[in-house]
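Trainee: Got a sequence here, can you build the structure:
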Amino acid sequence: MNERSPWLAPLQLLAAGLGVAIVVLFVLWLHLEPATFVPTDANDPDVETGNPEALQGPNESQEPAASDQTARPPMGRVAGPVESKTAAVLYGAVWRADREPIDQGWIWLYRQGKQVASASIRNGSYAFSGLRVGEYSLRSRIEDQLPIDLDVKVEAPSTRRDIDLVACWLLTVNAVTPDGQPLLQEARKRGVRLSRGITAAAFSEPLAGDLPLSNSAEVKVGLGPFRGGSPFASRGRKAMPKQTVGILSLPAGKRVHVALMMRNHLVMQLPVPPEQDEVTFTIAVDAFLAHMATVHLRLVDRRGTPLSGIRVALNDAQTGGGGVKTGEDGCATLKYLKPGRLDLEIWHQDLRAPPVQVDVGMGAKLDLGDIVMIPGIRAEVVMDNFGGKGSVRIHWRDRPPRGMTLDDIYLSNSGAPSRTITLYPGRYSLLASAPNGVAILERNLQVSPAPAIRFDLKPGAPLHIENRVGSGYAQLRLYSASGALVRRREVTGKWSQTVQLPPGEYRAAITDARGAVTDRKVTLTRAGATLTIR
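Mentor: Okay, the predicted model is just below:
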């Protein structure tokens, strides 16, 4: 046996003392002397949250009240950067409608329509340190709760804003075959994997039909958030039954119509009375798979020679890879595709296909014919004047083949002085957004390598987008005066966002849930402009 060291006891006492000192210093830091953080996105004129769920706010009637009641002090930690040169702390408790504290979740902090910080909810509380004094808005993502979207005025040295969440009820959504077998499990037996894209949504009135074609893996729409089911336990969650598609969080006391959705496509819907625990959709596997699509194509070079062994896929914005390889005849058939507006992805070292999306309808049997692949154009996109942050969105300007729409390419600066890319030959518009300014360029790329693409960044003008769609759904496409697509996104919930663009004339094309398109003229002056979507 080893002899006990005479230094062991003093070292243990020292360690214990240091532990107590760290805790005391942390508490003092949180409540008295908040630290200053350098933001990662506070000055980015084109910042977008990486959490689409945070942009989905509640309906007008769902906005929670802020409580001034005394509650236990928060100990939430700051989980994201905030604006520098600051002097205030925002903190508070987060309560469920039954006055139980929220254990886990996220709060996003916005200022003038831009996300500036995020904080995790821990032990029923949240905290943001190092804020500028002024007006902010809070949004949330809390599992099985309705989201918040409320305003708060931050004053020095600290501001407490407790959050009372709106009462809601949870509805479990199941899908089975006529003989009671889990629908998605039976589909997997046919070789069809549907880990994403099968969701449920609730509405006050029955959905009239399909929503407009979407490029998202899951369309977020309806009266409350949807949490997808999983037959596997993870992160403290219990495994859900195999027949469970997921769980809806819904406003208390409201009768709803629940739709089983395959991305933007309506599969079935049922009425559900308020506070009911479960709803079950019954559909035969063959009938369910008939809603999915098949797409056939052939890859050839510019001489018409078939290209074999090339991987081809049709993916949404949140999915990559997969697909199938072309045969000796250059042909490929993609089966069991969920309806949507899907990115055509083809992997070849030197050749490129047009950057397009394919419109895939419910049960479609599409033949895209020959896709001609030609040598790509190598171009260096120089971003050394971006200030280490920002992005470039690249849009093809030529006419796409019939049944297809234009796709775009996103480049993040990530501190790199330049990025070299290979593009399909043609006309392109490029939108650069950085802390140092914005710029829109147009280039005709026909010869490789193309001249380096550089941006003369100028101060942008603020375009404030006010979304008031609520439980509805819309799609926004924003075009410059020359017809270049500068912004697109799906719109649901309630939120506001400010983006920086070069001053000038723009056209907003807004597609509603029924597919009707409304054009609006937007004149963006140096003082800014507001675009409201209802």
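Trainee: ok, residue 219 - contacts?
Mentor: Contact partners of residue 219, counting by Cβ atoms under 8 Å, 6 or more residues apart in numbering, are 199, 201, 211, 261, 263-264, 473, 490, 492. The way it works is simple: take the backbone N, C-alpha and C, and place the C-beta from them, glycine included.
Trainee: Go ahead and report the secondary structure state at it.
Mentor: When classified by DSSP: H, G, I helix; E, B strand; the rest coil, residue 219 comes out as coil.
Trainee: where along the stretch 401-534 of the chain do the strands fall?
Mentor: Along the stretch 401-534 of the chain, the stretches classed as strands by DSSP state E, counting those that start in this stretch are 404-406, 408-412, 418-423, 426-434, 437-445, 461-480, 485-501, 504-512, 517-524, 529-533.
Trainee: For residue 334, find the nearest of the ones you listed.
Mentor: Nearest to residue 334, of all the strands of the stretch 401-534 of the chain, is strand 404-406, at 14.6 Å by Cβ to Cβ.
Trainee: Using JSON lines, please lay out the strands of the stretch 401-534 of the chain together with mean neighbour count and mean pLDDT.
Mentor: JSON lines is the format used below for the strands of the stretch 401-534 of the chain (neighbours: other Cβ atoms under 10 Å; pLDDT from 0 to 100):
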{"stretch": "strand 404-406", "mean neighbour count": "16", "mean pLDDT": "84"}
{"stretch": "strand 408-412", "mean neighbour count": "14", "mean pLDDT": "90"}
{"stretch": "strand 418-423", "mean neighbour count": "15", "mean pLDDT": "94"}
{"stretch": "strand 426-434", "mean neighbour count": "22", "mean pLDDT": "95"}
{"stretch": "strand 437-445", "mean neighbour count": "18", "mean pLDDT": "96"}
{"stretch": "strand 461-480", "mean neighbour count": "20", "mean pLDDT": "94"}
{"stretch": "strand 485-501", "mean neighbour count": "21", "mean pLDDT": "91"}
{"stretch": "strand 504-512", "mean neighbour count": "17", "mean pLDDT": "97"}
{"stretch": "strand 517-524", "mean neighbour count": "12", "mean pLDDT": "97"}
{"stretch": "strand 529-533", "mean neighbour count": "15", "mean pLDDT": "96"}
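Trainee: Neighbours of residue 240, how many?
Mentor: Around residue 240 sit 19 other residues, with neighbours defined as other Cβ atoms under 10 Å.
Trainee: could you pull out the helices for the stretch 101-250 of the chain?
Mentor: 183-189 (DSSP state H, counting those that start in this stretch).
Trainee: Distance check, the residue lying closest to residue 391 once chain neighbours are set aside against residue 389.
Mentor: What sits nearest to residue 391 in space, not counting adjacent residues and going by Cβ to Cβ, 6 or more residues apart in numbering, is residue 412, at 5.2 Å. Relative to residue 389, residue 412 is positioned 9 Å away (Cβ to Cβ, to the nearest Å).
Trainee: Please apply the same query to residue 106.
Mentor: Taking Cβ to Cβ, one finds residue 106 at 22 Å from residue 389.
Trainee: Please apply the same query to residue 199.
Mentor: Applying Cβ to Cβ to residue 199 and residue 389 gives a distance of 34 Å.
Trainee: Now do the same for the spatially closest residue to residue 208 that is not a sequence neighbour: its pLDDT.
Mentor: Spatially, and ignoring its direct neighbours in sequence, residue 208 is nearest to residue 514 (6.4 Å; Cβ to Cβ, 6+ apart). Listed pLDDT for residue 514 reads 92.
Trainee: What is the neighbour count of residue 514?
Mentor: With other Cβ under 10 Å as criterion, residue 514 counts 11.
Trainee: State the distance from it to residue 335.
Mentor: Residue 514 sits at a distance of 30 Å from residue 335 (criterion: Cβ to Cβ).
Trainee: do residue 400 as well
Mentor: Here residue 400 is placed at a distance of 24 Å from residue 335 (Cβ to Cβ).
Trainee: Neighbour count for the two, which is higher?
Mentor: Shown here are residue 400 and residue 335; by other Cβ under 10 Å, residue 400 has more neighbours (16 against 13).
Trainee: Distance of that one relative to residue 246?
Mentor: With distances taken as Cβ to Cβ, residue 400 is found 35 Å from residue 246.
Trainee: do residue 97 as well
Mentor: From residue 97 across to residue 246, the span is 22 Å (Cβ to Cβ).
Trainee: Of these two, which one has the most company?
Mentor: Between residue 97 and residue 246, counted using other Cβ under 10 Å, the more crowded position is residue 246 (20 against 14).
Trainee: give the contact list for the more buried one.
Mentor: 173, 199-200, 226-229, 240.
Trainee: How about residue 351?
Mentor: 301, 307, 373-376.
Trainee: got the residue ranges for the strands in the stretch 251-400 of the chain?
Mentor: With DSSP E, counting those that start in this stretch applied, the stretch 251-400 of the chain shows strands at 256-262, 265-272, 278-282, 293-300, 311-315, 324-325, 331-337, 340-347, 351-352, 356-360, 365-372, 374-375, 377-382, 391-396, listed in chain order.
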